[in-house]
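Undergrad: Quick one, fold the following:
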Amino acid sequence: MARATVMHRASPAPGVDIPVDDGDLLRIGALRLKVMHTPGHTPDSMCLIGADRVWTGDTLLIGATGRTDLPGGNAAALHDSLFQRLLKLDPALTVYPAHDYKGRSHSTIGAELANNPRLQQRDRAAFVEMMQGLNLTMPKHLTEALRVNMTGGKSVEQMLKEAAATVPFMSLEELRQRLRRPGAEPARARRARARRLRGRSCAGRDAAAARPARAAGQRLVARPYAAHRRVLRVWAHLHAGRQHRLRTMGYQRAVALDDGLQAWREAGFPLRSGAEP
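TA: Below you'll find the model as predicted:
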């Protein structure tokens, strides 16, 4: 049986096979599901209405609603989606939300209207004020979750694993030894030395070059074999995924530092331009 990813047209996520809009009908064998666009938790939130049940995603939960304090959330839009649309369906419809709560896998529209604390605030302004004052804690790994959503369902771990298959690594000790070879020097120091040899006044630039390199932007350029004029670029602060991107941009000699800059720092190796590694 073929699988397809179905999402609302407002979704920015890639890899959507079937983009749908409000009122569209999905056919799955003998099953017919009507799309109801219910923005609020996110701009692309939607519910799927069947003959005797409704899948409410994160719009309506059991005893709660989707939160509106994350990127794309809108409490006023959620109020309209709930009270002007979803909650006007047949009260007998079984509700299946996106999350299970303490073994409760389903409810009904009528039960939620009667018992859901958040649905007791039916006035729009009061509902918005309530949602804005929930002070919920941020979910763990929120950035990771958003990244997965925007990369077609691939986690950082998956992307790094794929990238690592095409990118070579260099050990900490190997980089350290190469930087200690004659002719190997940080790029900033080499440029400053060249300017001094040309007789230019570059005291200000030399001072800047002598400051500690920023961990987020250090680039080490070594010439391990001067006779062959070969240049090795080591972007110590970047992980394998970035190395993969660099290679697609034409930097075919880019390599990733094994375990990254954190391991380099923990090993006590220098981050200061011109320091002895």
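Undergrad: residues near Gln262, how many?
TA: 12 (other CB atoms under 10 Å). Any C-beta I mention is one placed from the backbone N, CA and C, and that applies to glycine too.
Undergrad: That one and His99: what is the separation?
TA: Going from Gln262 to His99 by CB to CB, to the nearest Å gives 35 Å.
Undergrad: Over to Ala4?
TA: 23 Å.
Undergrad: Please apply the same query to Trp264.
TA: 42 Å.
Undergrad: Kindly report the same for Glu112.
TA: Glu112 is 14 Å from His99, by CB to CB.
Undergrad: now swap in Glu157 and tell me
TA: According to CB to CB, Glu157 and His99 sit 23 Å apart.
Undergrad: hmm, back to that, between Trp264 and His99, who's got more neighbours?
TA: Neighbour comparison, Trp264 and His99: the larger count goes to Trp264, with 23 against 12 (by other CB under 10 Å).
Undergrad: Would you verify that that one is located in a helix?
TA: Yes: per DSSP: H, G, I helix; E, B strand; the rest coil, Trp264 lies within a helix segment.
Undergrad: these two touch, right, it and Ser171?
TA: No: in this structure Trp264 lies outside contact range of Ser171 using CB atoms under 8 Å: 10.5 Å.
Undergrad: all helices for the protein, in order.
TA: 75-83, 109-115, 124-132, 142-150, 156-164, 172-180, 187-197, 203-210, 240-248, 260-266 (DSSP state H).
Undergrad: And the ones you listed, which one averages the lowest pLDDT?
TA: With a mean of 44, helix 203-210 has the lowest mean pLDDT of the helices of the chain.
Undergrad: tell me, how many neighbours does Leu78 end up with?
TA: 28.
Undergrad: Check Ala75 too.
TA: 21.
Undergrad: contacting residues around the nearest residue to it once chain neighbours are set aside?
TA: Spatial nearest neighbour of Ala75, chain neighbours left out: Met131 (3.9 Å); criterion: CB to CB, 6 or more residues apart in numbering. The neighbours of Met131, taking CB atoms under 8 Å, 6 or more residues apart in numbering as the test, are Thr65, Arg67, Thr68, Asp69, Ala75, Leu78, Arg118.
Undergrad: State the distance from the first one to Gly57.
TA: If you measure Thr65 against Gly57 using CB to CB, the figure is 11 Å.
Undergrad: What of the last one?
TA: Taken as CB to CB, the spacing of Arg118 relative to Gly57 amounts to 16 Å.
Undergrad: With the fourth one instead?
TA: Distance check for Asp69 against Gly57: by CB to CB, it reads 17 Å.
Undergrad: Those two - which one has more neighbours?
TA: Higher neighbour count among Asp69 and Gly57: Gly57, with 20 against 12, using other CB under 10 Å.
Undergrad: Please tell me I have it right and the more buried one contacts Cys47.
TA: Yes: with contact defined as CB under 8 Å, Gly57 counts as touching Cys47 (6.1 Å).
Undergrad: Give me the common contacts of these two.
TA: Thr38.
Undergrad: Need the pLDDT of the closest residue to Trp55 other than its chain neighbours.
TA: Excluding its sequence neighbours, the residue lying closest to Trp55 (CB to CB, 6+ apart) is Leu48, at 4.4 Å. Listed pLDDT for Leu48 reads 98.
Undergrad: who's Leu48 bridged to?
TA: Using DSSP bridges, the bridge partners assigned to Leu48 are Val35, Trp55.
Undergrad: contacting residues around it?
TA: Under the contact definition (CB under 8 Å, 6+ apart), the residues listed for Leu48 are Leu26, Leu33, Lys34, Val35, Met36, Val54, Trp55.
Undergrad: are any of the residues you listed buried, and which?
TA: The neighbour-count test (16 or more other CB atoms under 10 Å) marks Leu33, Val35, Met36, Val54, Trp55 as buried among the contacts of Leu48.
Undergrad: Reformat the residues you listed as a markdown table; add pLDDT and distance to Ala13.
TA: Output for those, formatted as a markdown table (pLDDT from 0 to 100; distance: CB to CB, whole Å):
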| residue | pLDDT | distance to Ala13 |
| --- | --- | --- |
| Leu33 | 96 | 20 |
| Val35 | 97 | 16 |
| Met36 | 98 | 19 |
| Val54 | 98 | 23 |
| Trp55 | 97 | 18 |
